[in-house]
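Structure for the following, please:
(2 chains)
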Amino acid sequence: MISNDKTITVDARNLEPPEPMDRALAAAGLLRDGQHVRMLLHREPFPLYSILATMGLSYRTQLTPEGDFVILFAHAPEDLPT
Amino acid sequence: MQPATGLSYEQGPPLGLPLEFFRSAAYFLLLAAVAGMLTSLGSDALASRWSPAALAITHLLTLGFLGLIMLGALLQMLPVLLGVAVLLRPVWIRTARYSLSAGTLLLALGLYFVHTTLLASGATLLGFSLLVILAAFTRALFSNQALTLLTRTYQKAWLSLLITFSLGLTLAGGLAGLWTISDPIALTHLHLSWGLAGWTLLLIIGSAYQVIPMLQLTPPYPTRVSQYLTWILFIGLIIGTLGATRIASLVIAMAALGFALSTLWIQGRRRRKVNDETMKFWRLGMVSLAICALLIPIANQLSDPAQTSLGILFLLGFASSVVIGMLFKILPFLAWFHLRTQTGVSASQIPNMKQFVPDALQRRHFWLHLLGVVLLVPTPFLPTPFAIFAWGLLTVTAVWLLRRISEVRQSFLTHGGTL
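Residues are numbered from 1 along each chain as shown, chains lettered A, B, ... in the order given. The predicted structure follows:
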């Protein structure tokens, strides 16, 4: 996990389940207002969405040209990068 | 920030529901194994795939063991893999399970004793369970806006199940004397083609496209394989239904071989070589499937005992190996996932996945299962005591499977989970 003032980056592309979910939840626990998590995965994490929603977090998913998924989540929608 | 407090029903059913399916399924494996052992005590009835005992045991394995496990896994994995839920109340899902279990038992008894009332009542219960299950999965699979590769493959598997069930109910009604069937042998071949190469193989292929790269950290399947293979298989089944059985068996065999070889190929190119006992089950399954695929085009020229061996290799060597391997991944994952979301505690306070079904137990299970398959495949050619021993090994495997499921359930409850 790499963290700076604005972004906590989690690269979970080569991790065996449930490690990606574990790291996502750990990153969610570290989130401060104004920050967002940028998570990289090989597939779309449907179960994570419902957990993020239950935790009151905003999220957005992007597909990269390489076919990876980038999941961005934060406390408020305005904390997500455009 | 609030902690996660568990998933709503729409996001996935409670763990108790799929666990009940898995437990019932393991009991059917036990029943099939004990029936095989008892039948072998008195005769060589299992040497022919057309014998009442062989037909009964086949349905205990396909409907009872494989069917219940695959349906139970789908209930919980559709939300995980596709983001769609099976919107059916638990009471209806339980009713479907009871009905499917009771129907399978009655059908097996009806086939064994060639008893018309048992056959008719079994078929009625199975027909009812089909209606409920269809209602549950049709909405989840056909109303999904995102037509992903997985959705399309599961849709084809689903149509295959519908056709298999319809043909099976027609055959059971014919045997029960409710109506007359002009060519029962041809209809039986169609029934088993749609059931094995359709429902079973298509569902496993669709699941493999997702779970093999995800759980075994392999590269994805080659695009040509994942785009076209299930269509080739499905078209092969349609060609066979239209009467061109020779071409159909070649097309189906080619698709099955393509899947088996490409799975072994991507498994050989894993991104991270972590120890994974379930991969052994998949490899055994793929080798068994490849051998079946090579024999399918000449299956009609094989002797009756050889055809029985081929059936055992497909059901126990291929389908059961894959299903057990998958179960040893799904069970710990679901238990971990539900504990994590229900209790909201940190990962260090709950068992990790490996602790739910330890590697050593999975390894022992694999070797016993492998020995069982190796001994059961030639049983139609071998003397009775050999068959009793081989079916006995399968009995032990079934008991072990039941114990693993109970242990996961117990560990889940001990750590504060709610079923």
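
Now for the closest residue to chain A within the stretch 1-150 of chain B: which residues touch it?
Nearest to chain A in the stretch 1-150 of chain B, going by Cβ to the nearest Cβ, is B:G83, at a distance of 3.6 Å. C-beta here means a position set from N, CA and C on the backbone, and glycine is covered the same way. When contacts are counted by Cβ atoms under 8 Å, 6 or more residues apart in numbering or on different chains, B:G83 is found next to A:E44, A:F46, A:Y49.

what does the model give it for pLDDT?
For B:G83, the pLDDT comes out at 76.

hey, where'd the helices end up in the stretch 201-350 of chain B?
Assigned by DSSP state H, counting those that start in this stretch, the helices in the stretch 201-350 of chain B fall at B:201-216, B:223-241, B:245-267, B:278-295, B:304-312, B:321-343.

Chain A against chain B: which residues are in contact?
For chain A, the contact set with chain B under Cβ under 8 Å from any Cβ of the partner chain comprises A:14, A:16-18, A:21-22, A:25-26, A:28-29, A:31, A:42-44, A:46-47, A:49-51, A:54-57, A:75.

Could you tell me which of the residues you listed count as buried?
Applying 16 or more other Cβ atoms under 10 Å in any protein chain shown to the residues of chain A next to chain B, the neighbour count classes A:16-18, A:21-22, A:25, A:28, A:31, A:42-44, A:46-47, A:49-51, A:54-55, A:57, A:75 as buried.

if we can go back for a sec, the residue of the stretch 1-150 of chain B closest to chain A in helix, strand or coil?
Here B:G83 is recorded as coil under DSSP: H, G, I helix; E, B strand; the rest coil.

what's the answer for A:R38, then?
A:R38 - assigned by three-state DSSP - is strand.

wouldn't it be in contact with A:I8 here?
Yes - at 7.1 Å, A:R38 counts as touching A:I8 under the criterion of Cβ atoms under 8 Å.

Who's the closest spatial neighbour of residue 40, skipping the chain neighbours?
This is for chain A. In space, and not counting its chain neighbours, A:L40 is closest to A:D11: 4.7 Å by Cβ to Cβ, 6 or more residues apart in numbering or on different chains.

please go with chain B instead
Nearest residue to B:S40, sequence neighbours excluded (Cβ to Cβ, 6+ apart): B:A387, at 3.9 Å.

Show me what the lengthiest helix in chain A packs onto, helices and strands only.
Longest helix in chain A by number of residues (criterion: DSSP state H): helix A:19-30. Secondary-structure packing of helix A:19-30 (3 or more Cβ pairs under 8 Å, 6 or more residues apart in numbering or on different chains; DSSP states H and E): strand A:7-11, strand A:36-41, helix A:46-54, helix B:321-343.

Nearest to B:F234, out of these?
Proximity to B:F234 (Cβ to Cβ) singles out helix B:321-343 among those, at 19.4 Å.

Quick one: mean pLDDT over the closest one.
89.

out of the helices and strands packed on helix A:19-30, nearest to A:E66?
Ranking the helices and strands packed on helix A:19-30 by proximity to A:E66 (Cβ to Cβ) places strand A:36-41 first, at 10.1 Å.

Give me the sheet partners of that closest one and which way each runs.
Here strand A:36-41 is paired, per DSSP bridges, with strand A:7-11 (parallel), strand A:69-74 (antiparallel).

JSON lines for those strands, including mean neighbour count and mean pLDDT?
Shown next, in JSON lines, are the strands paired with strand A:36-41 (neighbours: other Cβ atoms under 10 Å in any protein chain shown; pLDDT from 0 to 100):
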{"stretch": "strand A:7-11", "mean neighbour count": "17", "mean pLDDT": "94"}
{"stretch": "strand A:69-74", "mean neighbour count": "20", "mean pLDDT": "94"}
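
As CSV, these with distance to B:L413 would be great.
Output for the strands paired with strand A:36-41, formatted as CSV (distance: least, Cβ to Cβ, whole Å):
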stretch, distance to B:L413
strand A:7-11, 31
strand A:69-74, 31
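
Of these, which is nearest B:S346?
So among those, strand A:7-11 is nearest, using Cβ to Cβ, at 16.1 Å.

Next up, identify which helix or strand the closest residue to B:L202 other than its chain neighbours is on.
With sequence-adjacent residues excluded and distances taken as Cβ to Cβ, 6+ apart, B:L202 is closest to B:A157, at 3.8 Å. Element membership for B:A157 (DSSP states H and E) is helix B:149-175.

Check which helices and strands that helix sits against.
helix B:90-113, helix B:116-142, helix B:184-193, helix B:201-216, helix B:223-241.

now the second one, how far from the chain's geometric center?
Meaning helix B:116-142. 17 Å (Cα atoms, centre = their mean, to the nearest Å).

I'd like the distance between B:L105 and B:L167.
Distance, B:L105 to B:L167, by Cβ to Cβ, to the nearest Å: 21 Å.

now A:L40
In terms of Cβ to Cβ, A:L40 sits 47 Å off from B:L167.

show me what contacts B:L29?
B:L29 neighbours (Cβ under 8 Å, 6+ apart): B:L61, B:G64, B:F65, B:S320, B:L394, B:T397, B:A398, B:L401.

Please identify the helix or strand for it.
helix B:16-42.

quick one: average pLDDT of that helix?
The model assigns helix B:16-42 a mean pLDDT of 94.

what angle separates the very next helix or strand once past it from helix B:16-42?
Note on helix B:16-42: by DSSP H and E, the next helix or strand toward the C-terminus is helix B:52-59. For helix B:52-59 against helix B:16-42, the angle by axes from the mean of the first three to the mean of the last three Cα atoms, to 10 degrees is 160 degrees.

now helix B:52-59: mean pLDDT?
For helix B:52-59, the per-residue pLDDT averages 94.

contacts for stretch B:286-293?
Outside of stretch B:286-293, the residues within contact range by Cβ under 8 Å, 6+ apart are B:201, B:253-254, B:256-257, B:259-261, B:263-264, B:310, B:313-314, B:317-318, B:321, B:373.

Can you say which of those are buried?
B:201, B:253-254, B:256-257, B:259-260, B:263, B:310, B:313-314, B:317-318, B:321, B:373.
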